[in-house]
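S.K.: Just a sequence and a predicted model for now, questions to come.
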Amino acid sequence: MNTKIFYKSIEIILITKLLMGCATQTTLGQIPEDQNTQQFTTEFVSQRQEYMYKILVAEMARLRGDNILAANNFLDIGIKTEDLIIIEQATQHALIAQDYNIAMKAAQLWVTLAPNNPYARQILGRVLLQQKHTDEAVVHLEAMIDTFKDNPIQLRSVLEDILEQHQDREQVIELLEKLLIKRPENPVILLIYSHILLQEEQFKPALKNLNMLLTIDPGNIEAVPLYALVLDRDNRLTEALQWMQQSLNKYPDNSEWRLMYARMLADVAQFDESIRQFELVLVKYPDNPDILYALGILFIQNKQFTEAKTNFLNLIRIGERTNSANYYLGHIAQQKNDLDKALFWYKKVKDGPTYLNTQARIALVMVEQNHLDEAVEYLRNVPISDTEDAVNLIQLGAELLIEKKRYKPALDMYNHALSYTPNHPDLLYMRALLYEKMGRVKDVETSLRRLLVNDPNNINAMNALGYTLINNTNRYREAYDLIKKAINLGGEEYYILDSMGWVLYKMGNYVESIAYLRKAHAKNNDAEIAAHLGEVLWQNKEQHDAEQIWSKALKKSPKNEKLKSVIQRFSPKLFKNTTTKN
């Protein structure tokens, strides 16, 4: 006869009396610290007393963190009583202790007593995989398939939970392959296996499994879009689009597939057809916020601002994504040069992913309205909690001032921000660049060296300091060492290569200088790099090449003062001819 134990409802005084009834019983204080190594024999006057005692030992072990002792006692009682609560406790404590032998015994007993319990099945499946008992796991999963044959959703949920938590993906694939040999036409296994193959970028086997599944169930609601996704990930986008189009021709009422097809079209900039697909779904779901939002964005991409506005106004009407809708309505008004209306909508954005960008746009609109001081003041007072976001707004305000050559108030903004975050790398760097524009070379060096103290491997700071030393001192060797270190740390950006070419030129090494400057120029056809490269080529007696470089650069950047200055200094005739044509 099985005895059902409801130990949680037993009063502690009853447990104490039961224990005191046994003459040879140890007291609580005598329970040894290591029950695993020290054994002792206890005699009980009744089966009930034995169960209560072992439950108490298990509970005390649990409280001490001795999960193995707890698991062993719970399992012992569970075997004798077949109490599912006790057996679950044994399984859980064995798993916590990572004693998978005890966990397997407990989980197998649990599944035997409760074969329809999905949680018990999950636990046993995990343990079998953990112990690399793949063949036993296959037998267990087959039994589980039979148990849940009328509930494929439950089956999939349990299977996915078992497989997703196992780290050895090769073993998972081996398990599924063996399972498919036993159950080759099971749609749940085929679908799960296809998902895992896609995750492992095994595209051909994934497509093979999906073809098998689609032969069994041609309209499988998940397999059809998954097939397209596999083709897309395998860089077969044209085939993926054709597949979705063909599938929708067969099943035109499947809105989920049509939405996926519409998104795929948008990803490849086929905006007109994407809009058409979204609008077909919108007829069925006129207030679907995701469709309204997607259409609004697509209409903006197509510069169909009236249609975009309608969709965003509908979002506001139904109370969905209102912050994003207000942001894009402001953007539409700004595109139409209706600046007052743009501010009206932007100021309705109160939070969300567009909040920071909205604050920046409000300031930029104010600048367009010739209210620079108001824009800067606005940026100073935006309520924002994140430090990095606040720094971004300060930088924008300073850059707006710098653009108008109002260096002093820009410097005040940086200094004010640095009083709150004294060692912020971006603020120190931007302030150093501003000092350079103001001609305060010592302050440039001080700021950049302070930055390098806090971040010794900051390659941008090294490059900026090196470049400053090149242009304002004769400390070329020191500048070279800084720029060389930046390159050794991985600095291959065009402006760092330009700095290296420039310092080598100053040190008289024209050949190496030209090599670095050509590399920089190939990465970015920047006017200042062209000015540098042309100057070094000229000094290296390669005047024809220099003039070609300058001529092309001047056509692209006719207002660049540094470029014009270099050309006028070395080739006044070229400068005169080029500027006359322009």
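M.R.: Great, that's in hand. Numbering: from 1, shown residues only.

S.K.: Do you know the pLDDT at residue 19?
M.R.: With respect to pLDDT, residue 19 scores 37.

S.K.: Just give the nearest non-adjacent residue to residue 360, would you?
M.R.: residue 396 (5.5 Å; C-beta to C-beta, 6 or more residues apart in numbering). Heads up, the C-betas are built off the backbone N, CA and C, glycines and all.

S.K.: What's the mean pLDDT across stretch 170-179?
M.R.: pLDDT averaged over stretch 170-179 gives 84.

S.K.: cool, and stretch 82-102?
M.R.: 87.

S.K.: do stretch 375-389 as well
M.R.: On average, stretch 375-389 scores 91.

S.K.: buried sites along that stretch?
M.R.: By neighbour count on 16 or more other C-beta atoms under 10 Å, the buried set for stretch 375-389 is 375, 376, 378, 379, 382, 384.

S.K.: again with stretch 351-363
M.R.: 354, 356, 358, 359, 360, 361, 362, 363.

S.K.: need the buried residues of stretch 375-389 in CSV with distance to residue 201 and secondary structure, can you?
M.R.: Below are these laid out as CSV (distance: C-beta to C-beta, whole Å; DSSP: H, G, I helix; E, B strand; the rest coil):
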residue, distance to residue 201, secondary structure
375, 49, helix
376, 50, helix
378, 49, helix
379, 45, helix
382, 44, coil
384, 41, coil
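
S.K.: So which of these is the closest to residue 229?
M.R.: Closest to residue 229 out of the buried residues of stretch 375-389 is residue 384 (38.5 Å), distances taken as C-beta to C-beta.

S.K.: Find the nearest non-adjacent residue to that closest one, please.
M.R.: residue 390 (5.1 Å).

S.K.: okay, the buried residues of stretch 351-363 in JSON lines with pLDDT, distance to residue 84 and secondary structure next?
M.R.: Below are those laid out as JSON lines (pLDDT from 0 to 100; distance: C-beta to C-beta, whole Å; DSSP: H, G, I helix; E, B strand; the rest coil):
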{"residue": "354", "pLDDT": "93", "distance to residue 84": "52", "secondary structure": "coil"}
{"residue": "356", "pLDDT": "94", "distance to residue 84": "53", "secondary structure": "helix"}
{"residue": "358", "pLDDT": "96", "distance to residue 84": "56", "secondary structure": "helix"}
{"residue": "359", "pLDDT": "96", "distance to residue 84": "58", "secondary structure": "helix"}
{"residue": "360", "pLDDT": "95", "distance to residue 84": "60", "secondary structure": "helix"}
{"residue": "361", "pLDDT": "96", "distance to residue 84": "61", "secondary structure": "helix"}
{"residue": "362", "pLDDT": "97", "distance to residue 84": "62", "secondary structure": "helix"}
{"residue": "363", "pLDDT": "96", "distance to residue 84": "64", "secondary structure": "helix"}
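
S.K.: what's the helix or strand containing residue 161 packed up against?
M.R.: Residue 161 is part of helix 152-164, with elements assigned from DSSP states H and E. Other helices and strands packing on helix 152-164, by 3 or more C-beta pairs under 8 Å, 6 or more residues apart in numbering; DSSP states H and E, are helix 118-130, helix 134-147, helix 169-182, helix 187-199.

S.K.: buried residues in the third one?
M.R.: In this case it means helix 169-182. Quick answer for helix 169-182 (16+ other C-beta under 10 Å): 171, 172, 173, 175, 176, 179, 180.

S.K.: helices or strands next to that helix in the packing?
M.R.: helix 118-130, helix 134-147, helix 152-164, helix 187-199.

S.K.: which one is residue 449 nearest to, not counting chain neighbours?
M.R.: Residue 449's closest residue in space is residue 465 (C-beta to C-beta, 6+ apart), at 7.0 Å.

S.K.: now the one you found: how far from residue 481?
M.R.: As judged by C-beta to C-beta, to the nearest Å, residue 465 and residue 481 stand 11 Å apart.

S.K.: Mind listing residues that contact stretch 490-505?
M.R.: The contact list for stretch 490-505 (C-beta atoms under 8 Å, 6 or more residues apart in numbering) reads 459-460, 462-463, 466-467, 470, 476, 479-480, 483-484, 486-487, 510, 512-517, 519-521, 523-524, 526, 528-529, 532-533, 535-536, 539.

S.K.: between residue 465 and residue 481, which one's more packed in?
M.R.: Remark: of residue 465 and residue 481, residue 465 carries more neighbours, 24 against 15, as counted by other C-beta atoms under 10 Å.
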